[in-house]
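Visitor: Structure here, sequence nowhere to be found:
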Ligand code: C2E
Ligand code: MG
Ligand code: MG
């Protein structure tokens, strides 16, 4: 009988417990039992002294490590084994030396031998579970550990795989919602203590569902994998990307609160994700929208930050696809407002409150009207006219767009059937409506019912119809084409512009977007060259071109010099009612002479925003009337003089340092110290905001920034007399100056 393990050092007789004297026969039986037990190799025994050095180890355990016990004895246990620091389980996240130094019981701590055995190769990645009790003498002095160990490699690997599955998305390998939540929680907690910021991007793919439905789920899966790689490519190592499920992604961006950089990054993601994908040799195009919220400005807890990023995402999707949007407090009202408008719109359609107006398209050579574009009009019983730019996107969020589109198509065909045969009608088709499998049949039915010849109907599609599965799109286009309908590509140059589809898609016409015409008369501008290029390209491909949005004679001259032959713009006519055009048609040929201003005046961004003006230690209320990236016009303060330095409070923690460059009575113009940046939705915002941490340091409770003005409670009471005098600027003055806006 021989005990294979070897004792060494002090207290070795106590090593396996039972210090008290026992009958020799009993002791021998116990030793024999122990011996058999150790030989079986399922479980090993070990002991350490008060310094953590190994004093005993089962010979079979040592053998498993490719050693003999003598080589191991006297070495610190923590130099032989280590815990799994990558394990998300909190306990294992501590070094073994730390656990041992506590002199407390060790319960099933999983460790890895630090050197490989020479025998079995799988030993190299073995995992052992160790359990041990601390041993104390009668005075309570710690003597060391008495422990056991067993090989748990198979079970532990399985546990790790399971916990990986619980934390990561199997499809893309990105962190899943559960892990992202945990990461954001712990980041927010740590950052709160350190006064650091953290931004969150929420992404939702546009038209992913369409790809999934038409190309099949395996193609959809592959697309998601490619998307996740592209997102990671832009965001880099430091920012964690997760897939929350479906086509929703999230990015955590620690220490980023500069909205210029956040906007740039979001823009890059949108751009990269919107590039075409090749899946199984087929092409697919999708887009993405991004909502951005930043802690601590937009919320301190995960719930608040996620809810606000979600609201921003919702707004981004509604503002037209392929946009990002920063959270701002008024988005909360916007969401509610859209819900109400959708209800009203549904009722308006049912109660026949919608109308179609028609805007002439004129051939420049002889000023003859060759057709009309049908534009939807909604006169809301309480709010007055609402622009289709507002209500069409709302309808696109629900099935209502199909009904609206159907209605417009039938109405336009019916109306146009009464016009002279030389006059065509163009009807706008939303991409959402186009993707509907019934769409082509709807068109054929509308033509049949009205008796309108198919070649007199032109469908205006935007580049977004190419999002999704390009085969299904091509098929629908071909069906419409063979039915004899004409196809136009609307708003060309503003969307997911990719010239490759022009090669194969059977368009008869391209409509140059108004934005190019708007800027074509400005100096140092590429718009004129772009207009020329689009006209050249279309002619080469045998398509006609309509230039949209010509308002003034200087624009007319520029676009005609580039070869424009068809124009649709206020210089010829605004959209008109059916009655107005039938009346004019009854007089014979329909010609319109251009009429309008000589020069185009670029649109100023007119606003009516109550702002704060901080000067010395006084806070004044004023109204901002014009806003650009670099300056603003403000009204409502007397006594302001050129050269004064002010702090403008735009609300929501946005303070802008500026200098007065002109002042007249209660109106003054200021220039900003540093320019504003885009808020992603055509609006402007400051790069930085007042940090809630700074406010907290000044004695305010720590909370997200309120929507309104800079909280003055954090400031001390004024000690000087105010330099300026507030004068009231009323909304009615605003209504007088800007009747259109006031009605909206
Ligand atoms: P769009 O199809 O590009 O229509 C041209 C828009 O430019 C119209 O705005 C028209 O009134 C405006 N416009 C034309 N010439 C000028 C000009 O010289 N100056 C200026 N400032 N504007 C000009 P509207 O009627 O507000 O429609 C906006 C958009 O709403 C349309 O853009 C179209 O995308 C959508 N829409 C309108 N009706 C329908 C519809 O029945 N169905 C769908 N799906 N969309 C529609
Ligand atoms: Mg159009
Ligand atoms: Mg257009």
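Guide: It's in. Because the structure is predicted, anything quoted here is derived from the model rather than measured. Ligands and ions are numbered 1, 2, ... in the order given.

Visitor: what sits against residue 635?
Guide: Residues near residue 635 by Cβ atoms under 8 Å, 6 or more residues apart in numbering: 622-625, 666-667, 729. Every C-beta, even on glycine, is put in place using the N, C-alpha and C of the backbone.

Visitor: give me phi/psi at it?
Guide: Per-residue torsions, residue 635: phi -130, psi 140 (degrees, to the nearest 10).

Visitor: low pLDDT regions in the stretch 201-350 of the chain?
Guide: Along the stretch 201-350 of the chain, the model assigns pLDDT under 70 to residues 321.

Visitor: How about whichever residue of it sits closest to ligand 2: what's its closest non-neighbour residue?
Guide: Ligand 2 sits closest to residue 320 of the stretch 201-350 of the chain, with a gap of 14.1 Å, by Cβ to the ion. Using Cβ to Cβ, 6 or more residues apart in numbering and skipping residues adjacent in sequence, the residue nearest residue 320 is residue 393, 6.5 Å away.

Visitor: care to break the protein down by domain?
Guide: The record's domain parsing of the chain by automatic domain parsing lists 5-160, 168-327, 336-585, 605-733.

Visitor: Point out the residues in this structure that sit beside ligand 3.
Guide: Listed as neighbours of ligand 3 in the chain under the rule Cβ under 5 Å from the ion: 490-491.

Visitor: tell me the centre residue of the chain?
Guide: The structure's the chain has its C-alpha centroid closest to residue 290; by Cα atoms, centre = their mean the separation is 1.6 Å.

Visitor: Given the host helix or strand of that residue, what are its sheet partners and their directions?
Guide: Using DSSP states H and E, residue 290 falls within strand 287-295. According to DSSP bridges, strand 287-295 forms sheet pairs with strand 198-206 (antiparallel), strand 324-326 (parallel).

Visitor: With distance to residue 177 and mean neighbour count added, can I get those strands in CSV?
Guide: Putting the strands paired with strand 287-295 into CSV (distance: least, Cβ to Cβ, whole Å; neighbours: other Cβ atoms under 10 Å) gives the following:
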stretch, distance to residue 177, mean neighbour count
strand 198-206, 12, 24
strand 324-326, 21, 28
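
Visitor: any chance of the ones you listed in CSV, with distance to residue 296 too?
Guide: Below are the strands paired with strand 287-295 laid out as CSV (distance: least, Cβ to Cβ, whole Å):
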stretch, distance to residue 296
strand 198-206, 8
strand 324-326, 15
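
Visitor: List the backbone torsions phi and psi for residue 396.
Guide: When read as degrees, to the nearest 10, the backbone of residue 396 gives phi -70, psi -20.

Visitor: pLDDT value on it, please?
Guide: Residue 396 is assigned a predicted lDDT (pLDDT) of 89.

Visitor: For the stretch 151-300 of the chain, just list every one of the helices.
Guide: Counting by DSSP state H, counting those that start in this stretch, the stretch 151-300 of the chain has helices at residues 153-167, 177-194, 208-215, 217-235, 259-273.

Visitor: Secondary structure class of residue 670, three-state.
Guide: The three-state assignment at residue 670 reads strand, by DSSP: H, G, I helix; E, B strand; the rest coil.

Visitor: got a list of what it touches?
Guide: By Cβ under 8 Å, 6+ apart, residue 670 lies in contact with 631-634, 646, 648, 658-661.

Visitor: List the buried residues of stretch 410-428.
Guide: 410-416, 419, 423-428 (16 or more other Cβ atoms under 10 Å).

Visitor: and the helices of the stretch 151-300 of the chain as a markdown table, adding distance to residue 370?
Guide: As requested, those are exported to a markdown table (distance: least, Cβ to Cβ, whole Å):
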| stretch | distance to residue 370 |
| --- | --- |
| helix 153-167 | 62 |
| helix 177-194 | 55 |
| helix 208-215 | 34 |
| helix 217-235 | 42 |
| helix 259-273 | 37 |
